[in-house]
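**Student:** Coordinates only, no sequence provided:
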């Protein structure tokens, strides 16, 4: 019989290696999955040391930052904070939940310096559920941003909190230059001073949700609710917010690369504002392109004579807007006030392109006022057909279209 010694030797080596690897696999330890632990903070009864934190009351930590920094506290853990006022800024650098025991009315974080609460970890939550939020109060002369999301993190949630921008604070929630993915800002109460912003996006945004918040600006409306400031955007939903005296702004970048796409405004109430939604450019030579913008089922109520509901400002070049993917539909706009209004409800000042503003309610069954005083729509706005009765979201069963049929 003819045998090949080289083949036999190779086969032996392969079998030996396979046996060694199988034994090694059996011997390797398997890291256990971390079971989430709950830690506690009590400013009145707690103590900051390594033997405290695992129970409430006297067994708790004393300060929130000590609890966050404790080596035992790791991602997926929860810190529950007892009622009280906690003075000091926070750095949340772990993917943990920081929540209150009794809600924002009784649990106050008094900020002291520039950035009040910096969130720089994936999946971190501040508040997170009903009755678990905080009141975040800026320092009168030192705070710049009440809350900042930094480091390009993903999965951060800020919810059920009460946040103000009194004094020198200019932004309630700031998304830093590195941007964020999967950011959720929901069910917060945000109060703004003149010139301030509720949610300010300065870096790349992907899949952001801003929903169910109550955002209130000053009486003159000189504030912003949600601002996309010369940053790339890929899917952002602003829905079911109550916005008073605070414009939402999309500012296309003159030099920033990338596009602004997939922004949806839905089910919001805009009242008493200088403007509802404004799209602008810093110059008439922007590099960014606006696509897939949907403004639907919002209510725009009467404000001052300077009120507009949706405006593409004249600095925006028509070539920077894909009008085939921009739609302003099924909204309720206020009736005109005998020519006293400064702006149209819906304006396309780009100098070109046709803005789809069909199937909206214009405050009267005859459609938008287009002659005498200030027209409700500018040129380059397609408003036909229009709704002949008030649109009540989400029940549209009885709405009628001028020149069309009933729709659901």
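**Tutor:** Looks like it came in fine. Note that this is a predicted model, so its numbers are computed, not measured.
**Student:** Compute the first-to-last residue distance for stretch 252-268.
**Tutor:** This stretch, stretch 252-268, spans 22 Å end to end (Cα to Cα, to the nearest Å).
**Student:** Low-confidence ranges, the stretch 201-350 of the chain, go.
**Tutor:** 255-257, 273, 283-287, 302-306, 336-343 (pLDDT under 70).
**Student:** Let's see that with 80 instead.
**Tutor:** Within the stretch 201-350 of the chain, the segments meeting pLDDT under 80 span 220-221, 254-258, 272-275, 282-287, 302-307, 335-344.
**Student:** Start from the N-terminal end of it and give the strands.
**Tutor:** Ranges of strands within the stretch 201-350 of the chain are 205-211, 214-216, 224-229, 233-239, 242-244, 247-251, 260-266, 269-271, 275-280, 290-296, 299-300, 308-312, 326-329, 346-348, based on DSSP state E, counting those that start in this stretch.
**Student:** I'd like to know which of these is closest to residue 111.
**Tutor:** Among those, the nearest to residue 111 by Cβ to Cβ is strand 214-216 (19.4 Å). For glycine as for every other residue, the C-beta is placed from the backbone atoms N, C-alpha and C.
**Student:** outside of that closest one, which residues touch it?
**Tutor:** 188-192, 198, 225, 241-246 (Cβ atoms under 8 Å, 6 or more residues apart in numbering).
**Student:** again with stretch 114-125
**Tutor:** Taking Cβ under 8 Å, 6+ apart as the rule, stretch 114-125 contacts 75-76, 89-99, 109, 111, 126, 136, 138-139, 142-151, 153-159, 169.
**Student:** mind redoing it with 6 Å?
**Tutor:** Residues from elsewhere that reach stretch 114-125 (Cβ atoms under 6 Å, 6 or more residues apart in numbering): 89-95, 97, 143-151, 153-157.
**Student:** Please check the residues you listed and keep the buried ones.
**Tutor:** Among these, those classed as buried by 16 or more other Cβ atoms under 10 Å are 89-95, 97, 143-151, 153-157.
**Student:** Mark which of the residues you listed are part of strands, please.
**Tutor:** Members of the buried ones among the contacts of stretch 114-125 lying in strands (criterion: DSSP state E): 90, 91, 92, 97, 145, 146, 147, 148, 149, 157.
**Student:** what two of those residues are the furthest from one another?
**Tutor:** 97 and 145 (21.4 Å).
**Student:** In TSV: the strands of the stretch 201-350 of the chain, plus distance to residue 121.
**Tutor:** Listed next are the strands of the stretch 201-350 of the chain as TSV, based on distance: least, Cβ to Cβ, whole Å:
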stretch	distance to residue 121
strand 205-211	17
strand 214-216	26
strand 224-229	23
strand 233-239	22
strand 242-244	29
strand 247-251	28
strand 260-266	26
strand 269-271	33
strand 275-280	32
strand 290-296	31
strand 299-300	37
strand 308-312	37
strand 326-329	36
strand 346-348	42
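**Student:** closest to residue 104 out of the ones you listed?
**Tutor:** Ranking these by proximity to residue 104 (Cβ to Cβ) places strand 214-216 first, at 12.3 Å.
**Student:** per-residue confidence for residue 155?
**Tutor:** Residue 155 carries a pLDDT value of 98.
**Student:** Give me the nearest residue to it, chain neighbours excluded.
**Tutor:** Spatial nearest neighbour of residue 155, excluding adjacent residues (Cβ to Cβ, 6 or more residues apart in numbering): residue 123 at 4.1 Å.
**Student:** and the one you found, how many residues sit next to it?
**Tutor:** A count of neighbours around residue 123, defined by other Cβ atoms under 10 Å, yields 16.
**Student:** Now do the SS call for it.
**Tutor:** Three-state call for residue 123 (DSSP: H, G, I helix; E, B strand; the rest coil): coil.
**Student:** Begin at 17 from now on, thanks
**Tutor:** In the new numbering, first residue 17, that becomes residue 139.
**Student:** still on that earlier bit, tell me which of the strands of the stretch 217-366 of the chain sits nearest to residue 49.
**Tutor:** Residue 49 lies closest, by Cβ to Cβ, to one member of these: strand 221-227, at 26.6 Å.
**Student:** which residues touch the closest one?
**Tutor:** 195, 197-202, 215, 242, 249-256.
**Student:** Who does that strand pair with, and is each partner parallel or antiparallel?
**Tutor:** Paired strands of strand 221-227, with direction, are strand 196-197 (parallel), strand 200-202 (parallel), strand 249-255 (parallel) (DSSP bridges).
**Student:** Let me have those strands in a markdown table, extended by distance to residue 330.
**Tutor:** As requested, the strands paired with strand 221-227 are exported to a markdown table (distance: least, Cβ to Cβ, whole Å):
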| stretch | distance to residue 330 |
| --- | --- |
| strand 196-197 | 31 |
| strand 200-202 | 31 |
| strand 249-255 | 22 |
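**Student:** any chance of the ones you listed in CSV, with mean neighbour count and distance to residue 323 too?
**Tutor:** Below are the strands paired with strand 221-227 laid out as CSV (neighbours: other Cβ atoms under 10 Å; distance: least, Cβ to Cβ, whole Å):
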stretch, mean neighbour count, distance to residue 323
strand 196-197, 21, 31
strand 200-202, 22, 25
strand 249-255, 20, 19
